[in-house]
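Novice: need the 3D shape of this:
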Amino acid sequence: ATSAQVKPKVVTECTVEFNMAMGDGSENAAAGSSMILYIKGQQSRLDFISPTFTQVKYYDARSKSGVILQDLGATRVRRELDSVKWRKLNEQYEGATVVFSDETKTILGYECKKATITLKNGSVFNLFYAPAIIPSTLEYEVQFRSVPGFVLEYEAAATGANQLVRYTATKINVSPVPPSKFELPKAGYRVL
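Specialist: Below you'll find the predicted structure:
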C-alpha cells in the first residue's frame, strides 16, 4: 500500500522568531541579534535586529514591491523598491539550483527535510524546511521560492564577512498578525 501525499497546510498569518549563531556554532558575533518574520496573507515583514543595526524589510506580493528601512543610530534610511528594483536587488538568486537530501531534523515539532541551494555565483548554503506547512508568500527570502515547505533553519553569509550565520526558528505563532505591523513610518527616514 502506498501512503497518500499529504498536501501542505498554507500558513497565511504567523510570527516566527529566529535565533542566530555563527556557522561554527559560536554565538559571540551574533550575540544580542535576532530576526522576526511576520506573514499576513500576501505581505511579509522581516526584522533583523542587532545591537548596532536594525533592518526591516517589507514586501507585498500583490504589488510586487517592497520597502527596506535601515536604522544605524543617527542614520535612518528608507529604500522604496518597485517590482523592477526588487528583482534587481534579488537577481543573485535567479537561476539558483536546489538539491534535496534525505537528511531530516525536527524543529519546533515539525519534521524538516534538508536542501542545499547553489547560486549562479557558486555560493552554497543549507537549509531545513517543513514540508507539512508552507507560507502564503515566498518573497520574504527570495532564495526560498522553490523550496516546497516553510524554511525553519538556514545558513546565509554574514554581511561583510566570509562566515556563515545560521538562523533557526525558535518560536512560531500562527495567531493573526496585527495590521499595524505593516504600517510604514511616514517620517524620520532619508529616502534613497
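
Novice: show me what the residue nearest to I172 when sequence neighbours are not counted is bridged to.
Specialist: Leaving aside its chain neighbours, I172 sits nearest to V16 (4.9 Å; criterion: Cβ to Cβ, 6 or more residues apart in numbering). From N, CA and C alone the C-beta is placed, and that goes for glycine too. With DSSP bridges as the criterion, V16 is bridged to L37, I172.

Novice: distance of the residue positioned nearest the centre of the chain relative to K186?
Specialist: Among the residues of the chain, the one closest to the centroid is E141, at 4.2 Å (Cα atoms, centre = their mean). Distance, E141 to K186, using Cβ to Cβ, to the nearest Å: 27 Å.

Novice: in this structure, where is pLDDT below threshold?
Specialist: 1-5, 23-31, 157-162 (pLDDT under 70).

Novice: need the helices for it, in chain order.
Specialist: With helices called from DSSP state H, the chain shows them at 83-89.

Novice: all strands of it, in order?
Specialist: 9-11, 13-22, 34-40, 43-49, 54-60, 65-72, 75-81, 97-107, 110-118, 124-130, 133-135, 150-157, 164-173, 190-191 (DSSP state E).

Novice: of all those, which one is nearest F182?
Specialist: Closest to F182 of the strands of the chain is strand 43-49 (Cβ to Cβ; 5.3 Å).

Novice: strand partners (parallel or antiparallel) of the closest one?
Specialist: In its sheet, and by DSSP bridges, strand 43-49 pairs with strand 34-40 (antiparallel), strand 54-60 (antiparallel).

Novice: turn those strands into JSON lines, including distance to G149 and mean neighbour count.
Specialist: Formatted as JSON lines, the strands paired with strand 43-49 follow (distance: least, Cβ to Cβ, whole Å; neighbours: other Cβ atoms under 10 Å):
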{"stretch": "strand 34-40", "distance to G149": "14", "mean neighbour count": "20"}
{"stretch": "strand 54-60", "distance to G149": "19", "mean neighbour count": "19"}
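
Novice: JSON lines please, covering the ones you listed and showing distance to L192.
Specialist: Converted to JSON lines, those look like this (distance: least, Cβ to Cβ, whole Å):
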{"stretch": "strand 34-40", "distance to L192": "23"}
{"stretch": "strand 54-60", "distance to L192": "13"}
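
Novice: fine, thanks again, bye for now.
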